[in-house]
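Enquirer: quick one, fold the following:
(2 chains)
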Amino acid sequence: ILNVEQSPQSLHVQEGDSTNFTCSFPSSNFYALHWYRWETAKSPEALFVMTLNGDEKKKGRISATLNTKEGYSYLYIKGSQPEDSATYLCAFTTSNTCNQFYFGTGTSLTVIP
Amino acid sequence: DGGITQSPKYLFRKEGQNVTLSCEQNLNHDAMYWYRQDPGQGLRLIYYSQIVNDFQKGDIAEGYSVSREKKESFPLTVTSAQKNPTAFYLCASSTGGTERISNQPQHFGDGTRLSIL
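Expert: Numbers count the residues shown, from 1 in each chain, chains lettered A, B, ... in the order given. Model (predicted):
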C-alpha cells in the first residue's frame, strides 16, 4: 500500500482568508492525482484530476498545482467562504498498479464567519 | 437526477452473518468501486470493476465479495470471514470501461455505515 500524506490534518481560517494545503505522494511511477471535496453529510465531490508535471487547474476560487518530480500537490482557496468548509481529500494512482487509488486522510477546513 | 444510490444508510450485522450493501448508479458509468473508511485512515479500496462480469481486488479484499451482473449495480457482501467489518463504506463510479480508469474522476454515493451487534 502506497502512502499518501496530507497536511495539515485540520485548519481553521477566518472568512476572507486565503489558505492552502499539501498532498505528498511517492514520485516514482506517477500516473494521476485527484482532489475531492467532502462536505459533512454529503458525498465526496471531484474537484480536479491532474496528470502532468506542472499542471495547474482552477475552479472558481479553488486552484491546484502539481509537482510529480518531487511528489506533491498544493490546493489553494482564495478568499475562503463558510461554504468552503469541508474535508479535502487527495488520491494518487500509479502507472504500475493498474487502477488502484490511494487516498490521503484529508485536510479538514473550517471557515469561521 | 443522475447519481449513485447506496442502501441502506445504516446496517447492523450479527456475528457469523453475511450482509450485502447495495450500490446502484444511473450515470451510465462502466467502472464502479467500493471503499472502506476507518477513523483516522484514508479511503481504502476493497474491489473495483471496469466492466460487467469483471472485477478486481483492491488492497483489502479479504472477507468481502462482489458481483457485477449489470452495469448499474455493484453489490458488496461482507462475509463472516471479515473479522472487523465495522466501518463506513463508500461506493463510487467513473467512466472508463476497458480504458485506463485511474485518471477519471469518481462520483460517490452517500455511504453505508455498518456496525456489529
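
Enquirer: what does chain A have sitting close to chain B?
Expert: A:1, A:4, A:31-32, A:34, A:36, A:42-46, A:49, A:51, A:89, A:91, A:93, A:98-106 (CB under 8 Å from any CB of the partner chain). (C-beta placed from N, C-alpha, C; glycine too.)

Enquirer: how much space between residue A:60 and residue A:16?
Expert: 15 Å (CB to CB, to the nearest Å).

Enquirer: hmm, I typed the wrong one, I wanted residue A:86.
Expert: Distance from residue A:86 to residue A:16, by CB to CB: 17 Å.

Enquirer: those two - which one has more neighbours?
Expert: Between residue A:86 and residue A:16, counted using other CB atoms under 10 Å in any protein chain shown, the more crowded position is residue A:86 (20 against 11).

Enquirer: name the nearest residue to that one, ignoring sequence neighbours.
Expert: Leaving out its chain neighbours, the residue that sits closest to residue A:86 by CB to CB, 6 or more residues apart in numbering or on different chains is residue A:39, at 4.4 Å.

Enquirer: what sits against that neighbour?
Expert: Applying CB atoms under 8 Å, 6 or more residues apart in numbering or on different chains to residue A:39 gives the contacts A:45, A:85, A:86, A:87.

Enquirer: measure how buried the second one is and give me the count.
Expert: So that's residue A:85. Neighbour tally, residue A:85, other CB under 10 Å: 18.

Enquirer: I figured it was touching residue A:113, is that so?
Expert: No: the pair residue A:85 / residue A:113 is not scored as a contact, 9.9 Å apart, by CB atoms under 8 Å.

Enquirer: give me the residue at the spatial middle of chain B.
Expert: The residue lying closest to the centre of chain B (CA atoms, centre = their mean) is residue B:34, at 2.5 Å.
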